[in-house]
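Peer 1: just a sequence and a predicted model for now, questions to come.
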Number of protein chains: 2
Amino acid sequence: MTDRNAANTRSRILEIAGELFRTKGYAGTSIADITGRLGTSKAALYYHFPSKEHILDAILGDSLAAHARIAELADGNATAEELLGALVDLVAGAGTVLAVFGNDPSVVAALSQRESDYRLRDKDSRIVAALAGPRPTTAARIRAQAAIAVAKDGTRMILAGRDRGLRKAERAELLAAALRAHHGQGGTR
Amino acid sequence: MTDRNAANTRSRILEIAGELFRTKGYAGTSIADITGRLGTSKAALYYHFPSKEHILDAILGDSLAAHARIAELADGNATAEELLGALVDLVAGAGTVLAVFGNDPSVVAALSQRESDYRLRDKDSRIVAALAGPRPTTAARIRAQAAIAVAKDGTRMILAGRDRGLRKAERAELLAAALRAHHGQGGTR
DNA sequence: GTCTATACATCGATAGAC
DNA sequence: GTCTATCGATGTATAGAC
């Protein structure tokens, strides 16, 4: 059972770090915390990753890409259903990590400190704008935010503390709730 | 302008710490960060608070109490409208801080590590149970989570990065969206 | 109430042997 | 690939003067 190849150790590090970042926060997790579970020394970890921040990047990589793709979608002329469905899928899929870590202020601070274009909040506001429509009323913007809250945080809450992903029926139910929050009762938009 | 009385300095510390905890996270904020803005030495801060954790407690005190009150409400027979409205008010009022900090894993970890009964997740699940009803279907539970997501995270998103509180019309719009998310289209419950 | 100075632990990260 | 040992910086917190 001594799979001492680099790829395996690397993925174990990502798994353990992800779990710890989620429960203790990025800033609240030390390299020693990670290697404590990994069962190696701190120095061993640095053979696989050059820094703690590189571990975070490796974990968030796919999620950030998926998030960016949704922001692109928002800039096009996607329907509300497509957008909100994509958000649900983001959180349920590659972006589960992001949805969870996006709530960690120390993660947001770490990302936005870099000049990189990891502008989380920016992308979010483009999605809001797409759902609220051009020159939106206050009410329209609130409904847009409400729908996004369902798609992101609702999905996150459903998935919290369980192993398996989102079932098709669950996805449909979430999307329907998001759409109800978005539309006025009579289907305003 | 040199208000050097203890009460004033104390409240300035809370204000500054709150801002920093929000943007950098609890674990990501150091005492030096706080006193840097406060304009005093680190030792001076320790005259007002015995530890960093006590600062967190002082900030969260009111919010946690308000949160507990809502959980009590959920155990009684409050209507969905009352519950969701109370949640909106919690986030918009005393609990803004909690809604924001509740997302910081390092805060949750700090609170739940203590044997204290600050069981955030626990209280949340009582609210879910109240909204989903007895022996709920999967769909009912999802709709309950969706409604809570609107009331909590939707409200938080609306208030993010602005000074003034929630206007009456905004509150009504949020509550309506939460209720739409909660009910099936035809008003299942 | 606030200061300087410091104790002592832990942080992220590195050196160099194996 | 992993180790022991350690670096320098920073973390929380304290001692004691003013």
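Peer 2: Perfect, thanks for sending it.

Peer 1: counting by contacts, list what the helix or strand of chain A with the lowest mean pLDDT packs against.
Peer 2: Within chain A, no helix or strand scores below helix A:96-101, which has a mean of 87 by mean pLDDT, DSSP states H and E. Packing partners of helix A:96-101 (3 or more C-beta pairs under 8 Å, 6 or more residues apart in numbering or on different chains; DSSP states H and E): helix A:6-24, helix A:52-75, helix A:80-92, helix A:155-159. C-betas here are computed from N, CA, C, even on glycine.

Peer 1: and residue A:74, how far is that from DNA strand D?
Peer 2: 37 Å (C-beta to the nearest atom of the strand, to the nearest Å).

Peer 1: ok, now which ones touch the residue nearest to that residue when sequence neighbours are not counted?
Peer 2: Distances taken as C-beta to C-beta, 6 or more residues apart in numbering or on different chains place residue A:130 nearest to residue A:74, at 3.8 Å, with adjacent residues excluded. Neighbouring residues of residue A:130 by C-beta atoms under 8 Å, 6 or more residues apart in numbering or on different chains: A:74, A:75, A:78, A:83.

Peer 1: please redo it, this time with the cut-off set to 7 Å
Peer 2: Counting by C-beta atoms under 7 Å, 6 or more residues apart in numbering or on different chains, residue A:130 makes contact with A:74, A:78, A:83.

Peer 1: what's the local residue count around the nearest residue to residue A:47 once chain neighbours are set aside?
Peer 2: Computed as C-beta to C-beta, 6+ apart, the closest residue to residue A:47 that is not its neighbour in sequence is residue A:6, at 7.9 Å. Using other C-beta atoms under 10 Å in any protein chain shown, the number of residues around residue A:6 comes to 9.

Peer 1: also residue A:22?
Peer 2: Residue A:22 - counted by other C-beta under 10 Å - has 19 other residues nearby.

Peer 1: which parts of chain A sit against DNA strand C?
Peer 2: By C-beta under 7 Å from any atom of the strand, the residues of chain A that approach DNA strand C are A:29, A:30, A:31, A:32, A:33, A:42, A:43, A:46, A:50, A:51, A:52, A:53.

Peer 1: am I right that the last one is in contact with residue A:109?
Peer 2: No. Using C-beta atoms under 7 Å, residue A:53 and residue A:109 do not qualify as a contacting pair, with a distance of 11.5 Å.

Peer 1: how close does the residue nearest the centre of chain A sit to residue A:68?
Peer 2: By C-alpha atoms, centre = their mean, chain A has its centre lying nearest to residue A:98, at 2.1 Å. Distance, residue A:98 to residue A:68, by C-beta to C-beta, to the nearest Å: 11 Å.

Peer 1: now swap in residue A:144 and tell me
Peer 2: In terms of C-beta to C-beta, residue A:144 sits 20 Å off from residue A:68.

Peer 1: what about those two, which has more around it?
Peer 2: A count of neighbours by other C-beta under 10 Å puts residue A:144 above the other of residue A:144 and residue A:68, at 27 against 14.

Peer 1: dump the residue contacts of that one.
Peer 2: A:128, A:131, A:132, A:182.

Peer 1: ok, now with 6 Å
Peer 2: Contacts for residue A:144 (C-beta atoms under 6 Å, 6 or more residues apart in numbering or on different chains) come out as A:128, A:131, A:132.

Peer 1: that older thread, with adjacent residues omitted, what lies nearest to the residue nearest to the centre of chain A?
Peer 2: In space, and not counting its chain neighbours, residue A:98 is closest to residue A:63: 3.4 Å by C-beta to C-beta, 6+ apart.

Peer 1: how many residues are close by that neighbour?
Peer 2: Neighbour count of residue A:63, defined by other C-beta under 10 Å: 21.

Peer 1: surely it touches residue A:97?
Peer 2: Yes. In this structure residue A:63 lies within contact range of residue A:97 using C-beta atoms under 6 Å: 5.0 Å.
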